[in-house]
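Peer 1: Pasting a predicted model and its sequence here:
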Amino acid sequence: MFDQREKIALFIDGANLYATSKALGFDIDYKRMLQYFNKQAYLLRACYYTALIEDQEYSSIRPLIDWLDYNGYRVVTKPTKEFTDSSGRRKIKGNMDIELAIDALELSATIDHMVLFSGDGDFRSLVEAVQRRGRKVSVVSTVATQPPMIADDLRRQADHFIDLADLQKDIGRAPAERSERRAPPPADDEFDVD
């Protein structure tokens, strides 16, 4: 699937990867992730995308974002937006799809292989566009959960599908390293705040 001569880039939909790894019951060790993909090919860039709730005094995801930023990842964030839905409930929205898609298209000119960590079917068109530029695309998500965490059309569009469950031994955090304190999921498309 990977060739040592390839230049690869990782594009990580942070909220989607968090939800997928939690559904599988393990935490991602981001240092091990870099090491793993550096062994597979020439890792040109690793990009992590997430929305942040700006008005909170403390965000549980902030330490992760800071660590990633100082340890080889390009971190892309934007503030969430708050709105009230039709039933009067306060909602928070923070979708990073367009930022990820633009960066992936721009970088596709300098890489051979894109690795997308997301199961979001909205990325099918991005995968197709990158493939039209002659690049391979691998998608990392899972079918090991019920329901599967990957959209079927995204899985079919990808050149390769990598089940995150199969990467657990390579990029998962050892159970002894797991923190007692669990972080809530990063901002995604919508959350109830009530």
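Peer 2: Received the coordinates, thanks. Since the structure is predicted, the reported quantities are computational estimates derived from the model, not experimental observations.
Peer 1: could I get the helix or strand hosting N16 in PDB with only the CA atoms?
Peer 2: If you go by DSSP states H and E, N16 is part of helix 14-24. Below are the C-alpha coordinates for helix 14-24, written out as PDB (Å, rounded to 0.1, in the frame of the first residue of the first chain):
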ATOM      1  CA  GLY A  14      -9.600  15.600  14.600                       C
ATOM      2  CA  ALA A  15     -13.200  15.300  15.800                       C
ATOM      3  CA  ASN A  16     -13.800  12.300  13.500                       C
ATOM      4  CA  LEU A  17     -10.700  10.500  14.500                       C
ATOM      5  CA  TYR A  18     -11.400  11.100  18.200                       C
ATOM      6  CA  ALA A  19     -14.900   9.600  17.800                       C
ATOM      7  CA  THR A  20     -13.700   6.600  15.800                       C
ATOM      8  CA  SER A  21     -10.900   5.800  18.300                       C
ATOM      9  CA  LYS A  22     -13.300   6.100  21.200                       C
ATOM     10  CA  ALA A  23     -15.800   3.800  19.500                       C
ATOM     11  CA  LEU A  24     -13.000   1.300  19.100                       C
END
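Peer 1: Would you check that D120 makes contact with G14?
Peer 2: No. Between D120 and G14 there is no contact under C-beta atoms under 8 Å: 11.8 Å. C-betas here are computed from N, CA, C, even on glycine.
Peer 1: Okay, strands next: where are they in the protein?
Peer 2: If DSSP state E is used as the criterion, the strands of the chain fall at 7-13, 42-52, 74-79, 81-84, 90-93, 113-117, 136-141, 160-163, 191-192.
Peer 1: Deepest-packed of the ones you listed, please.
Peer 2: Most buried of these by mean neighbour count (mean count of other C-beta atoms under 10 Å) is strand 113-117; its value is a mean of 25.
Peer 1: picking that back up, please identify the buried residues of the helix holding N16?
Peer 2: Neighbour-count burial for helix 14-24 flags 14-21, 23-24 (criterion: 16 or more other C-beta atoms under 10 Å).
Peer 1: so which of those residues comes closest to D3?
Peer 2: Distance to D3 across those (C-beta to C-beta) is lowest for L17, with 24.1 Å.
Peer 1: Lovely, talk soon.
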